[in-house]
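# pasting the structure only:
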């Protein structure tokens, strides 16, 4: 009798557990799309990453734009010009993977140092075409594997180069609205959450470049975020940079990615 009761209990436990395991297997991959210029590329040094970020979460992956395949999140940016450096995607992915342990967190990142919103990122322009191409390639690969997914949000860190002239800075607000509108259209998500880092006031210090209209771009970014309830903005004025007063250091890349993650979680949970 004891044996039969024990066998019955084991069977009951299995039957209770089985549906949840099946459901977890079918949970959609949470895809996040990232875009921007050099501070999205990332200028954090891989050798300066804290130990907790050295091993990628098991429930995470990132799209390799060149090899056209999903790979393990690593401490190296996918920017051609920034080998062995990382951006905000590292801390962001670790936080999201911890928050949603039953889901796979997937990152598709497209960025280019020095790229301008008005010249490179509007619809039909080169960086935007590459951005959409990388996204479509990554999603098509998931479709090919019959893996369900959901594009959950976008991260944006850009605007420094648009602060070089008053004309470009004054156009930034309208251009950013055009970009966000088209991304949402392409993703078929009219309320796609977007988290952006506001460019830093540190750009007005001595730099190898000229960013005289930083405050104009900052104000444009603030207005876009205020007018759109699904856009969150991060003030980066206090983040430490490298000696060029432009690019965030390792600690700042971690802070920015973590902050982006916290705001994104509020938007999607």
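Everything's here; your move. Only a predicted model underlies this, so the values are computations on that prediction, with no experimental measurement involved.

# All the strands of this structure, residue numbers only.
Counting by DSSP state E, the chain has strands at residues 29-36, 44-45, 60-64, 69-71, 85-86, 105-111, 149-157, 194-197, 231-234.

# Make TSV out of these and add distance to residue 169 and mean neighbour count.
Where you see a C-beta, it was placed from the backbone N, CA and C, and this is true even at glycine. Formatted as TSV, the strands of the chain follow (distance: least, CB to CB, whole Å; neighbours: other CB atoms under 10 Å):
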stretch	distance to residue 169	mean neighbour count
strand 29-36	17	25
strand 44-45	27	22
strand 60-64	32	21
strand 69-71	37	14
strand 85-86	28	24
strand 105-111	21	25
strand 149-157	17	23
strand 194-197	16	26
strand 231-234	17	20
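
# Format these as JSON lines; extra columns: mean pLDDT.
Below are the strands of the chain laid out as JSON lines (pLDDT from 0 to 100):
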{"stretch": "strand 29-36", "mean pLDDT": "98"}
{"stretch": "strand 44-45", "mean pLDDT": "93"}
{"stretch": "strand 60-64", "mean pLDDT": "95"}
{"stretch": "strand 69-71", "mean pLDDT": "95"}
{"stretch": "strand 85-86", "mean pLDDT": "91"}
{"stretch": "strand 105-111", "mean pLDDT": "97"}
{"stretch": "strand 149-157", "mean pLDDT": "98"}
{"stretch": "strand 194-197", "mean pLDDT": "98"}
{"stretch": "strand 231-234", "mean pLDDT": "98"}
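
# and the spatially closest residue to residue 88 that is not a sequence neighbour, how many neighbours does it have?
Once flanking residues are discounted, residue 88 sits nearest to residue 257: 3.4 Å by CB to CB, 6 or more residues apart in numbering. Using other CB atoms under 10 Å, residue 257 is surrounded by 28 other residues.

# Kindly confirm whether my reading is correct that residue 34 touches residue 153.
No: taking CB atoms under 8 Å as the definition, residue 34 is not a contact partner of residue 153, at 9.6 Å.

# ok, now how distant is the residue nearest to residue 88 from residue 268?
16 Å (CB to CB, to the nearest Å).

# By mean pLDDT, point me to the weakest helix or strand of the chain.
Ranked by mean pLDDT, DSSP states H and E, the weakest helix or strand in the chain is helix 2-25, scoring a mean of 44.

# about what we covered before: arrange the strands of the chain in CSV, one row each, with distance to residue 119 as further columns.
Putting the strands of the chain into CSV (distance: least, CB to CB, whole Å) gives the following:
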stretch, distance to residue 119
strand 29-36, 14
strand 44-45, 26
strand 60-64, 25
strand 69-71, 30
strand 85-86, 24
strand 105-111, 15
strand 149-157, 16
strand 194-197, 19
strand 231-234, 22
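
# Tell me which of those lies nearest to residue 249.
Proximity to residue 249, assessed across the strands of the chain by CB to CB, is greatest for strand 44-45 (6.8 Å).

# now residue 237, nearest residue through space, not along the chain?
residue 201 (4.6 Å).

# ok, residue 126 - how many residues close by?
Neighbours of residue 126 using other CB under 10 Å come to 12.

# so what's it up against?
By CB atoms under 8 Å, 6 or more residues apart in numbering, residue 126 lies in contact with residue 120.

# go on, residue 44?
Contacts of residue 44 by CB under 8 Å, 6+ apart are 85, 86, 87, 90, 248, 249, 250, 251, 252, 253, 254.

# same thing but at 10 Å, please
Residues in contact with residue 44 (CB atoms under 10 Å, 6 or more residues apart in numbering) are 53, 75, 77, 82, 84-88, 90-91, 242, 247-254, 256-257.

# what's the answer for residue 138, then?
29, 31, 33, 61-65, 68-70, 106-108, 149, 151.

# Which of those residues sits closest to residue 162?
Scanning the contacts of residue 138 for proximity to residue 162, where the rule is CB to CB, the winner is residue 33, at 20.4 Å.

# So that closest one is in contact with residue 107, correct?
Yes: contact status for residue 33 versus residue 107: in contact at 8.2 Å, counting by CB atoms under 10 Å.
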